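# what follows is a predicted structure for the sequence shown.
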Amino acid sequence: MDRRDFLKLSGSALAAGALASEGAAAIEQPNPSPSTPFAAPPIETVKIAYVGIGGQGSSHVRNLLKIPGCRITAVCDIRDERTAWAAKAIAAAGHPPPAIYSRGPRDFERLCETEDLDLVFTATPWEWHVPVMLAAMKNGKHTATEVPAAMTIDECWELVETAEKQRKHCVMMENCNYGRAEMMVFNMVRQGVFGEILHAEGGYLHDLRAIKFANQGEGLWRRAWASKVNANLYPTHGLGPVANCLDINRGDRFEYLVSMSGPSRGLQNWAQEHFPAGSPQRAEKFVLGDVNVSLIRTVRGKTIYVSHDTNLPRPYSRINLVQGTRGLFQGYPDRVYIEGRSPEHRWEESTAYLAQYDHPLWTDLTSKSEGAGHGGMDYLEDYRLIKCLREGLPTDMNVYDAAALSAVVHLSQQSNAKRSASIDFPDFTRGRWQTMAPLGIVRA
Ligand SMILES: NC(=O)c1ccc[n+]([C@@H]2O[C@H](COP(=O)([O-])OP(=O)(O)OC[C@H]3O[C@@H](n4cnc5c(N)ncnc54)[C@H](O)[C@@H]3O)[C@@H](O)[C@H]2O)c1
């Protein structure tokens with residue numbers, strides 16, 4: 001029995017045998033209005049601690065040093081050279097030196113207990129996201145994390161319950177929601193260009209074999225997950241943007257999922273081909289199927305295909321397909337088909353649509369985002385986070401999005417282990433998805 005089931009059971013017992021509805025444990029609703037997402041009081045200058053300053057953390061640190069109205073006042077990593085790098089970058093930007101925390105893997109707890117901060121932002125390996133965010137919120141700080149926010153359903157609930165109880169933001173920073181193509185598609189969806197959206201596809205299709213076997217960076221932790229979990233380990237890049245197009249948690253929600261993984265060959269083959277006989281890498285065993293495909297159905301009957309494919313030779317793709325009653329967009333390469341506008345039965349290049357449908361956030365921030373990570377989208381997401389905190393606005397992505405998108409990891413693992421049986425998503429919003437206002441077209 002997991003923790004959530006236990007809460008449900010004890011809820012039922014307290015209600016003298018009445019059936020507890022899902023997640024009906026006695027937890028206070030975070031906001032009085034069912035349609036208003038959580039917003040905190042405005043913060044003039046956002047004081048930030050950065051935890052985990054490796055590949056992706058450094059990219060966020062660089063962005064934050066350029067964004068007005070925030071200061072990185074503390075940094076934390078288990079490697080001294082990374083905190084030293086950050087301290088140097090902060091000094092070079094003309095800011096006061098940060099407090100440094102590098103006394104081991106739980107030093108972020110001391111940081112959260114000691115420092116006067118508004119936000120703790122983490123880009124640690126997956127297993128550390130939840131411990132860092134919980135420590136932050138329990139010590140009165142907002143928190144943001146790299147993806148996925150959590151790896152189990154219990155962890156997803158812990159984030160939701162803690163954010164509600166502490167009344168803090170808990171944001172999963174899904175940068176692909178801010179991709180230029182993804183945002184253009186969202187803008188087109190809002191303008192009704194594709195009609196009613198019925199189906200979407202996304203995924204993370206990226207040959208990571210060399211990275212997983214490297215002696216640095218993600219090689220130090222990411223491969224280990226392939227030894228213990230057979231699932232869609234990294235669902236949010238593909239799912240985040242299309243979830244916005246389908247109004248997930250804001251009018252609809254993920255209802256159930258089925259998932260299937262194929263054989264595991266890619267990492268074993270790579271090890272045989274790249275390491276000498278007798279090396280430990282050659283003896284490693286992996287359970288992660290090289291290709292995982294999952295299908296999600298929403299309460300409103302919409303369908304989403306989401307895949308994970310990181311152990312085989314292939315070019316990069318996130319698929320990025322959004323289909324409605326009047327036409328569709330498909331990524332990699334980006335193309336559009338609109339009935340009555342496109343030549344019949346033929347794709348058009350999506351560049352033809354950019355002038356008309358570029359998202360205003362991109363037109364506002366193109367020059368500022370130049371040179372930032374992942375084609376500039378990382379700058380846009382960091383910029384929006386800081387702006388929302390400074391102005392006391394709801395964040396673009398909230399704890400319910402973090403939980404629903406990350407839940408795919410554990411649910412796909414469960415379905416896959418049960419001959420692809422369908423597994424229900426918890427309703428992390430406890431019914432508020434029905435009344436929550438849809439995401440608008442935000443600006444800088
Ligand atoms: N959104 C994206 O496009 C994107 C791209 C890359 C990575 N990521 C995500 O960012 C996160 C980090 O990935 P990465 O590529 O930067 O990995 P990385 O290994 O390069 O960096 C992780 C950093 O965390 C530090 N660290 C590890 N345990 C720690 C602890 N307990 N306390 C403090 N620091 C700790 C490491 O020393 C390292 O500097 C992951 O969640 C990954 O999925 C996202």
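Now that the structure is in, tell me what you want to look at.
# and the nearest residue to residue 109 once chain neighbours are set aside, what is it in contact with?
Distance criterion Cβ to Cβ, 6 or more residues apart in numbering; nearest residue to residue 109, sequence neighbours excluded, is residue 135 at 5.0 Å. Where you see a C-beta, it was placed from the backbone N, CA and C, and this is true even at glycine. Each residue near residue 135 by Cβ atoms under 8 Å, 6 or more residues apart in numbering is listed here: 108, 109, 112, 113, 120.
# what does the closest residue to residue 313 other than its chain neighbours show for phi and psi?
Distances taken as Cβ to Cβ, 6+ apart place residue 207 nearest to residue 313, at 5.7 Å, with adjacent residues excluded. Reported as degrees, to the nearest 10, the phi and psi values for residue 207 are phi -70, psi 100.
# okay but residue 207 is in contact with residue 317, surely?
No. Contact criterion Cβ atoms under 8 Å: residue 207 and residue 317 do not qualify, at 10.6 Å.
# next, format the contacts of residue 135 as a markdown table and append distance to residue 74 and pLDDT.
Output for those, formatted as a markdown table (distance: Cβ to Cβ, whole Å; pLDDT from 0 to 100):
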| residue | distance to residue 74 | pLDDT |
| --- | --- | --- |
| 108 | 10 | 99 |
| 109 | 13 | 98 |
| 112 | 10 | 98 |
| 113 | 12 | 98 |
| 120 | 9 | 99 |
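# ok, of those, which come out buried?
Buried by 16 or more other Cβ atoms under 10 Å: 108, 109, 112, 120, out of the contacts of residue 135.
# picking that back up, name the secondary structure element that contains the residue nearest to residue 109.
Assigned by DSSP states H and E, residue 135 belongs to helix 126-138.
# show the average pLDDT along that helix.
For helix 126-138, mean pLDDT rounds to 99.
# repeat that for stretch 401-415.
98.
# rewinding a little: what about the contacts of residue 135, which are in strands?
Counting by DSSP state E, the part of the contacts of residue 135 found in strands is residue 120.
# now the residue of the stretch 1-150 of the chain found nearest the ligand. Nearest residue, chain neighbours left out?
Nearest to the ligand in the stretch 1-150 of the chain, going by Cβ to the nearest ligand atom, is residue 54, at a distance of 1.9 Å. Nearest non-adjacent residue to residue 54, counting by Cβ to Cβ, 6+ apart: residue 217, 5.9 Å away.
# any idea how many residues pack against that neighbour?
The local packing of residue 217 (other Cβ atoms under 10 Å) involves 13 other residues.
# so what does it look like in phi/psi?
phi 50, psi -130.
# what's near enough to touch it?
Applying Cβ under 8 Å, 6+ apart, the residues near residue 217 are 54, 55, 211.
# packing partners of the top helix by length along the chain?
Across the chain, the longest stretch assigned as helix under DSSP state H is helix 399-417. If you count contacts as 3 or more Cβ pairs under 8 Å, 6 or more residues apart in numbering; DSSP states H and E, helix 399-417 packs onto helix 153-166, strand 170-172, helix 236-245, strand 254-261, strand 291-298, strand 423-424.
# how about stretch 66-79 and the ligand, touching?
Yes. Residues of stretch 66-79 contacting the ligand under Cβ under 6 Å from any ligand atom: 76, 77, 78, 79.
# so the first one makes contact with residue 101?
If I follow you right, that is residue 76. Yes. Residue 76 is within contact range of residue 101, at 3.9 Å (criterion: Cβ under 8 Å).
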